[in-house]
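A.B. asks: when you get a sec, could you give me coordinates for this:
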Amino acid sequence: MTSHCANPNCATPLLGLREGRIFQFEVRPQFTAGTTSGTRAMVEKIRQVSHFWLCGRCSSKLTLAFDALKGVIVTPFRAS
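C.D. replies: All right, here's what the predicted structure looks like:
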């Protein structure tokens, strides 16, 4: 769990879960060119979950998304 808002432009500390929104993302390991198939099969069984928090002010206009190249990113809500 994080100790502050996931928005890099916000420094609000996480003091409680009354406000804001928690996000959970599964983190998959990156493989290098030298990875053997046996090692890869063993690593694929490992599941890591990371948690992120947006404060109440940020979560009213922003959300978190996963980008395959950048990882977890902060994005504005899409207008409907």
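A.B. asks: correct me if wrong: Thr75 contacts Cys58.
C.D. replies: No: look at Thr75 against Cys58 with CB atoms under 8 Å: they stay out of range, at 11.4 Å. Where you see a C-beta, it was placed from the backbone N, CA and C, and this is true even at glycine.
A.B. asks: Gln24: what secondary structure?
C.D. replies: Recorded secondary structure, Gln24: strand (DSSP: H, G, I helix; E, B strand; the rest coil).
A.B. asks: sorry, back to before: who's more crowded, Thr75 and Cys58?
C.D. replies: Cys58 (20 against 10; other CB atoms under 10 Å).
A.B. asks: my guess is that one contacts Asn7. True?
C.D. replies: Yes: look at Cys58 against Asn7 with CB under 8 Å: they come within range, at 4.5 Å.
A.B. asks: which residues are in contact with each of the two?
C.D. replies: Residues touching both Cys58 and Asn7 by CB atoms under 8 Å, 6 or more residues apart in numbering: Val74.
A.B. asks: strands along this protein, start to end?
C.D. replies: 21-27, 48-54, 62-67, 71-76 (DSSP state E).
A.B. asks: any idea which of those gets closest to Thr12?
C.D. replies: strand 48-54 (9.1 Å; CB to CB).
A.B. asks: pLDDT score assigned to the one residue sitting closest to the centre of the chain?
C.D. replies: Of all residues in the chain, the one closest to the mean position by CA atoms, centre = their mean is Val72, 4.4 Å from it. For Val72, the pLDDT comes out at 90.
A.B. asks: isn't it right next to Thr63, touching?
C.D. replies: No: Val72 is beyond contact range of Thr63, at 10.8 Å (criterion: CB under 8 Å).
A.B. asks: how close does the residue nearest to the centre of the chain sit to Arg18?
C.D. replies: Distance of Val72 to Arg18, computed by CB to CB, to the nearest Å: 23 Å.
A.B. asks: no more questions from me, cheers.
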